[in-house]
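[1] okay, sequence plus prediction incoming.
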Amino acid sequence: MKFNKLTYEQRLVIWRHAMEKHGLTAILNESDLASFAASYESNAGGIDVALKNTAMAIKGGESSIRPCDMVHRVMRSHLAIRPLCPTRL
C-alpha cells in the first residue's frame, strides 16, 4: 500500500498534536512548528518520534542543546536513515 506525501498543512497539524501530546507547548512555539513542517517531509510516526525523543531528553536533563535544535537533529537523523529501508516487502 502506498500513501501520498503529507501536505505542509497536514504536517503542521501533526506537529501541533505531537507537541501537545509530549508536553512541549511551553517549550516550542508556532514558528518552530511551521519551520519543522516546511523543512521535513516526514510522516506522523517520524514527527511523533522526534518530539518524543526531544521531550525525553529535556526531562532527563539533557538541556545543553536548545529544544528546537534537538528536533532538527532528530529529524535529520530520521530522514537520513529512511531511504535505506526497503521500498517494498
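    Yep, it's here.
[2] just checking, next helix/strand downstream of the host helix or strand of residue 51?
    Element membership for residue 51, per DSSP states H and E: helix 44-59. Where DSSP H and E defines the elements, the next helix or strand beyond helix 44-59 is helix 67-81.
[3] ok, back up a step: remind me what the helix holding residue 51 packs against, helices and strands.
    With contacts taken as 3 or more C-beta pairs under 8 Å, 6 or more residues apart in numbering; DSSP states H and E, helix 44-59 sits against helix 8-21, helix 67-81. In this view, the C-beta of every residue, glycine as well, is placed from N, C-alpha and C.
[4] got the angle for the first one vs helix 67-81?
    So the one you mean is helix 8-21. 120 degrees (axes from the mean of the first three to the mean of the last three C-alpha atoms, to 10 degrees).
[5] what comes up buried for the helix or strand following helix 8-21?
    Counting by DSSP H and E, the element after helix 8-21 in chain order, helix or strand, is helix 30-39. By neighbour count on 16 or more other C-beta atoms under 10 Å, the buried set for helix 30-39 is 32, 33, 35, 36, 37.
[6] stretch 42-53 too?
    Here stretch 42-53 shows 42, 43, 46, 47, 48, 49, 50, 51, 53 as buried, counting by 16+ other C-beta under 10 Å.
[7] the third one touches residue 80, doesn't it?
    No - assessed by C-beta atoms under 8 Å, residue 46 is found out of contact with residue 80, at 11.5 Å.
[8] take the helices and strands packed on helix 44-59 and lay them out in JSON lines including mean pLDDT, mean neighbour count and distance to residue 57.
    Below are the helices and strands packed on helix 44-59 laid out as JSON lines (pLDDT from 0 to 100; neighbours: other C-beta atoms under 10 Å; distance: least, C-beta to C-beta, whole Å):
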{"stretch": "helix 8-21", "mean pLDDT": "97", "mean neighbour count": "17", "distance to residue 57": "15"}
{"stretch": "helix 67-81", "mean pLDDT": "84", "mean neighbour count": "16", "distance to residue 57": "6"}
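[9] now those in JSON lines, with distance to residue 61?
    Conversion of the helices and strands packed on helix 44-59 to JSON lines gives the following (distance: least, C-beta to C-beta, whole Å):
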{"stretch": "helix 8-21", "distance to residue 61": "20"}
{"stretch": "helix 67-81", "distance to residue 61": "13"}
